[in-house]
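Novice: Here is a sequence together with a model predicted from it:
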Amino acid sequence: MFPLIDTHAHLDMAPFAKDRSEVIAIARDSGVSIIITVGIDLESSRAAIKLAEDHHEVLATVGFHPHEANRMRETDLTSLAELAHKPRVVAIGEIGLDYYRSKVPPATQLQALQWQLALADRLDLPVIIHCRQAEKDMLPLLHDWSDAHNGRSERPLGIIHCFSGNIEVARQYLAMGFFISVGAYIGYPSSKPLRSVIREIPQNRLLVETDCPFLPPQKHRGQRNEPAYLPLTVTALADIREVSSEIIAQETTRNARNLFRLPDSA
Ligand SMILES: [Zn+2]
């Protein structure tokens, strides 16, 4: 299969502590040529950069996840900006709103998100957005931000990661200019309504991710997810969209290269 790009992994997390390099090597042998490992706070952003410096298959992003928003101070933006200037950093993320699982008050999450959206603009980097049961605040906020952005930059806006919304929500993100990323959860029995939404997403806006160690494919549920399982999501997408896996692989990789502005050789 055409080499894949895992656009969202958490390789710095504890479940990979013992065999990180092996996990990356197995992923490469399974056809995953690039893994974007995503920061959730300053410490994990630094760890992500270190992984990217040590492994040529890995690139990093930096940011505060909504679950960590209560620990973010405005002064952390200076540290984030410094980290983001490192050569292997390709985006600000993951950032966003989570009203489902997070214990952080919405106002605190919104503040951290707004700070980091402004930072992405300043640094001219795309964003990776996490949104869970928070569309009512996320959509108007991103509408305003994307309007301002699209008027002054050619840079792709970013990714809606782990997308599980309905078709109206998908259309709004697409109209703003976002890419939509999906993982192995599209194959879960409970994801049937989502599959008809995914069929409607234009081919040039679709990305694949694992979100590992979370959300493993159905046949590995209860286990650790890892980048080597990404081809299973490509196959699931091919079934849903009734095209070949090869086409899904080619198009999602091309989209990821466009979004992160990766040279063909990277
Ligand atoms: Zn994540």
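Specialist: The structure has been received and is ready for your questions.

Novice: Distance-wise, check residue 28 relative to residue 1.
Specialist: As judged by C-beta to C-beta, to the nearest Å, residue 28 and residue 1 stand 13 Å apart. For every residue, glycine as well, the C-beta is placed using N, CA and C.

Novice: Wasn't residue 129 part of a strand?
Specialist: Yes: under DSSP: H, G, I helix; E, B strand; the rest coil, residue 129 sits within a strand.

Novice: Surely it and residue 157 touch.
Specialist: No: judged on C-beta atoms under 8 Å, residue 129 makes no contact with residue 157 at a distance of 9.1 Å.

Novice: and residue 167, what does it touch?
Specialist: Remark: with contacts taken as C-beta atoms under 8 Å, 6 or more residues apart in numbering, residue 167 is in contact with 196-197, 200.

Novice: so where do the strands sit in the stretch 51-200 of the chain?
Specialist: For the stretch 51-200 of the chain, the strands defined by DSSP state E, counting those that start in this stretch cover 58-62, 89-98, 127-132, 158-160, 179-182.

Novice: what's the shortest one packed up against?
Specialist: With contacts defined as 3 or more C-beta pairs under 8 Å, 6 or more residues apart in numbering; DSSP states H and E, the packing partners of strand 158-160 are strand 89-98, strand 127-132, strand 179-182.

Novice: Please render those strands as CSV that adds mean pLDDT, distance to residue 112 and mean neighbour count to the earlier fields.
Specialist: Output for the helices and strands packed on strand 158-160, formatted as CSV (pLDDT from 0 to 100; distance: least, C-beta to C-beta, whole Å; neighbours: other C-beta atoms under 10 Å):
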stretch, mean pLDDT, distance to residue 112, mean neighbour count
strand 89-98, 97, 7, 26
strand 127-132, 97, 12, 25
strand 179-182, 98, 21, 26
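
Novice: out of those strands, which comes closest to residue 141?
Specialist: Residue 141 lies closest to strand 89-98 among the helices and strands packed on strand 158-160, at 8.3 Å (C-beta to C-beta).
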